[in-house]
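1. Give me the fold of what follows.
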Amino acid sequence: MLGSIRRGLVAVGPAAALLLSGCAEGPAGQAGDAGYIAGDGIVTEIPLDERTKPGSFSGPVATGGEFDSAELDGVALVNFWYAACPPCRVEAPVLAELHAEYGDQVDFIGINVRDGGAQATAFEEEFAIEYPSVLDDVSAQGQLAFAGVVAPNAVPSTIILDAEGRVAARVSGAVSDTSILSTLLREELER
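-> The predicted structure is shown next:
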């Protein structure tokens, strides 16, 4: 029984940490008005021989239906976000532009860490986001799937998966233009 409780606490620990980390309008590393920690824009690239796959995850999609990570096929961009996050609003047009450019070669999936379907869909419509977003606020499956590999330690965070489904890179915090993510995607597409 005690072993079950310990395993449960270990599983809840990363989820709580992920849910508590978020965005802020203040400088990176400082608590914002809401008490969250901002991403710092650091790009972490994983060497080929050190890459591992995230865990599997599934969940409801903001616009209806279900998503299963088994659907990801090849290079993918996974973005962690929520509608009221100011940096998420800054980077949304960048992600829409990247999707327009790479959407036929790269799988794009959003993981919304806080919102319900109506709020997430309104955000997607406002910013012309045409790829699906998993509503992860209840189960945190998407967040936990990456926790043991390269945690999405701030919102927004963007993770690039290579053609074999392994984590290739993470950008912690908002991107303000397409250059960083375009470079990371091109590198993976050319391998």
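2. Can you tell me the element residue 94 falls in?
-> helix 86-102 (DSSP states H and E).
3. hang on, I meant residue 176
-> Residue 176 belongs to no helix or strand, assigned by DSSP H and E.
4. you'd agree it is up against residue 91?
-> Yes. Residue 176 is within contact range of residue 91, at 7.0 Å (criterion: Cβ atoms under 8 Å). For glycine as for every other residue, the C-beta is placed from the backbone atoms N, C-alpha and C.
5. Comparing these two, which shows the higher neighbour count?
-> Neighbour count, other Cβ atoms under 10 Å: between residue 176 and residue 91, residue 91 has more, with 23 against 13.
6. This protein: strands as residue ranges?
-> 42-45, 58-60, 66-68, 76-81, 107-112, 133-135, 157-161, 167-172 (DSSP state E).
7. While we're on residue 154, how confident is the model there?
-> Model confidence at residue 154, given as pLDDT, is 83.
8. So what does it have for phi and psi?
-> phi -150, psi 160 (degrees, to the nearest 10).
9. That one: how many residues sit nearby?
-> Residues near residue 154, counting by other Cβ under 10 Å: 28.
10. List the residues that contact residue 69.
-> 54, 56, 57, 58, 142, 145 (Cβ atoms under 8 Å, 6 or more residues apart in numbering).
11. Which of the residues you listed has the largest number of neighbours?
-> Going by other Cβ under 10 Å, residue 142 tops those with 27 neighbours.
12. remind me which residues of this protein are low pLDDT?
-> 1-40 (pLDDT under 70).
13. Can you give me the distance of residue 66 to residue 78?
-> 17 Å (Cβ to Cβ, to the nearest Å).
14. Those two: which is more packed in?
-> residue 78 (25 against 11).
15. Contacts only, for that one.
-> 109, 110, 111, 142, 146, 158, 159, 160, 161.
16. again, but for residue 81
-> So residue 81 contacts 88, 92, 110, 111, 112, 113, 133, 155, 156 (Cβ under 8 Å, 6+ apart).
17. How much space separates residue 108 from residue 159?
-> Taking Cβ to Cβ, one finds residue 108 at 12 Å from residue 159.
18. tell me, what's touching the two both at once?
-> 77, 79.
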